[in-house]
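Undergrad: Sequence and computational prediction follow.
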Amino acid sequence: MRSSTRSGAGSRATIASSTPVALTIAGSDSSGGAGIQADLKTFHAHAVYGMSALTAVTAQNTRGVVGVEALSADFVAAQIDAAVSDIPPDAVKTGMLANRSIVEVVVEAADLYRWNALVVDPVMVATTGARLIDQDAVDVLRNKLLPRATIVTPNAPEAAVLLETTIADETALEMAADAIIDRLGAKAVLVKGGDLEGDHVVDVYCDGRHREVFREPRIVTSSTHGSGCALASSIAARLALGQSLESAVRLARHWIRQAIGNAPGLGAGRGPLDLLTPAADVSE
């Protein structure tokens with residue numbers, strides 16, 4: 001425990017509300033396309049009330065990351081406690097966790113508050129290539145946070161780091177999905193293959209009982225900044241809304257392709273998506 005004030009999950013406010021709530025624990029993107037900003041926009045597009053606990057502040061744009069300042073682990077814990085003790089979330093999503101101490105705070109919070117839906121996006125490297133997590137945090141994320149997740153959403157390079165291997169094709173994607181469950185103890189995983197070569201994008205979902213391979217034509221665009229953040233946030237929002245995990249994954253993938261297709265074409269590098277694209281199936 002990092003604070004004696006951490007006393008476990010509080011009850012809902014005395015005035016009952018049917019509003020679904022999601023919490024994101026992630027870093028800030030000053031250009032607004034990824035991280036906390038992308039998560040909150042995504043929650044809004046899904047008609048879910050969003051809360052946030054900031055782990056780090058980045059100076060970045062579509063061309064790259066200029067700098068990163070991590071917040072103290074104690075202050076990350078204070079943000080989480082303040083938010084969830086007053087408004088308990090229906091789902092939680094993690095993104096950039098920056099360092100070992102922050103990962104440990106999230107592990108403690110997951111145990112303390114017993115979150116029913118935890119989506120872990122193991123953010124390690126920005127779309128532009130900048131490193132976003134310390135090396136010594138990877139072991140804690142791998143060994144302690146992944147087993148507590150409802151679903152883990154690594155891209156192929158992140159899955160390769162978690163498994164200490166290489167992933168170069170669809171067969172390797174499927175093997176990685178199995179290994180993240182069998183070896184690392186995750187309950188479910190979506191391994192994203194957008195970083196691999198080919199005219200089609202292949203993602204692999206596995207929950208230990210069911211495997212589904214998604215294969216769709218690649219959208220030719222440079223506007224992919226924040227796509228991993230938004231996909232994980234869409235899954236979290238849908239879990240907050242009460243959708244099943246399999247449905248949440250399928251519909252989140254459909255929504256993210258729409259958001260990429262609707263990208264506004266901003267910036268000189270890898271531009272942001274249209275994260276205000278309405279999730280029609282939940283907002284009707």
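TA: Arrived safely, thanks for sending. This one's a predicted model, so the numbers in the text were calculated from it and none came from an experiment. Numbering: from 1, shown residues only.

Undergrad: which stretches of the stretch 51-200 of the chain form helices?
TA: All helices of the stretch 51-200 of the chain, identified by DSSP state H, counting those that start in this stretch, fall at 73-86, 100-113, 135-140, 156-163, 170-182.

Undergrad: Columns mean neighbour count, distance to A263 and mean pLDDT on top of these, output as a markdown table?
TA: In short, each C-beta sits where N, CA and C put it, glycine included. As requested, these are exported to a markdown table (neighbours: other Cβ atoms under 10 Å; distance: least, Cβ to Cβ, whole Å; pLDDT from 0 to 100):
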| stretch | mean neighbour count | distance to A263 | mean pLDDT |
| --- | --- | --- | --- |
| helix 73-86 | 18 | 30 | 98 |
| helix 100-113 | 21 | 30 | 97 |
| helix 135-140 | 15 | 31 | 90 |
| helix 156-163 | 21 | 22 | 93 |
| helix 170-182 | 19 | 25 | 96 |
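
Undergrad: Which of those sits closest to K192?
TA: In terms of Cβ to Cβ, the element of the helices of the stretch 51-200 of the chain nearest to K192 is helix 156-163, at 6.7 Å.

Undergrad: Relative to the whole chain's centre, how far out is that closest one?
TA: 15 Å (Cα atoms, centre = their mean, to the nearest Å).

Undergrad: Output it as CSV, restricted to C-alpha atoms.
TA: Taking C-alpha atoms only, helix 156-163 is exported to CSV below (Å, rounded to 0.1, in the frame of the first residue of the first chain):
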residue,chain,number,x,y,z
ALA,A,156,3.3,-7.3,-32.9
PRO,A,157,6.4,-5.5,-31.6
GLU,A,158,5.0,-5.3,-28.1
ALA,A,159,4.0,-8.9,-28.1
ALA,A,160,7.6,-9.8,-29.2
VAL,A,161,9.0,-7.9,-26.3
LEU,A,162,6.7,-9.5,-23.8
LEU,A,163,7.6,-13.0,-25.1
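
Undergrad: ok, which stretches of the stretch 101-250 of the chain are strands?
TA: 118-120, 151-152, 189-192, 200-206, 211-217 (DSSP state E, counting those that start in this stretch).

Undergrad: Now distance to V125 too, for the helices of the stretch 51-200 of the chain, in a markdown table please.
TA: Converted to a markdown table, the helices of the stretch 51-200 of the chain look like this (distance: least, Cβ to Cβ, whole Å):
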| stretch | distance to V125 |
| --- | --- |
| helix 73-86 | 21 |
| helix 100-113 | 16 |
| helix 135-140 | 12 |
| helix 156-163 | 7 |
| helix 170-182 | 17 |
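
Undergrad: Can you point out the buried residues in the helix ranked longest in the chain?
TA: The residue-count maximum for a helix in the chain (DSSP state H) belongs to helix 245-261. Of the residues in helix 245-261, L245, A248, V249, R250, L251, A252, R253, W255, I256, R257, A259, I260 count as buried by neighbour count, 16 or more other Cβ atoms under 10 Å.

Undergrad: ok, now how distant is the fifth one from A279?
TA: When distance is defined by Cβ to Cβ, to the nearest Å, L251 is 8 Å away from A279.

Undergrad: Find residues that contact each of these two.
TA: With contacts taken as Cβ atoms under 8 Å, 6 or more residues apart in numbering, L251 and A279 have S234 as neighbours in common.

Undergrad: coming back round to it: list just the one of the helices of the stretch 51-200 of the chain that sits closest to G64.
TA: That would be helix 156-163 among those, by Cβ to Cβ, at 17.1 Å.

Undergrad: what's the angle from the closest one to strand 200-206?
TA: 40 degrees (axes from the mean of the first three to the mean of the last three Cα atoms, to 10 degrees).
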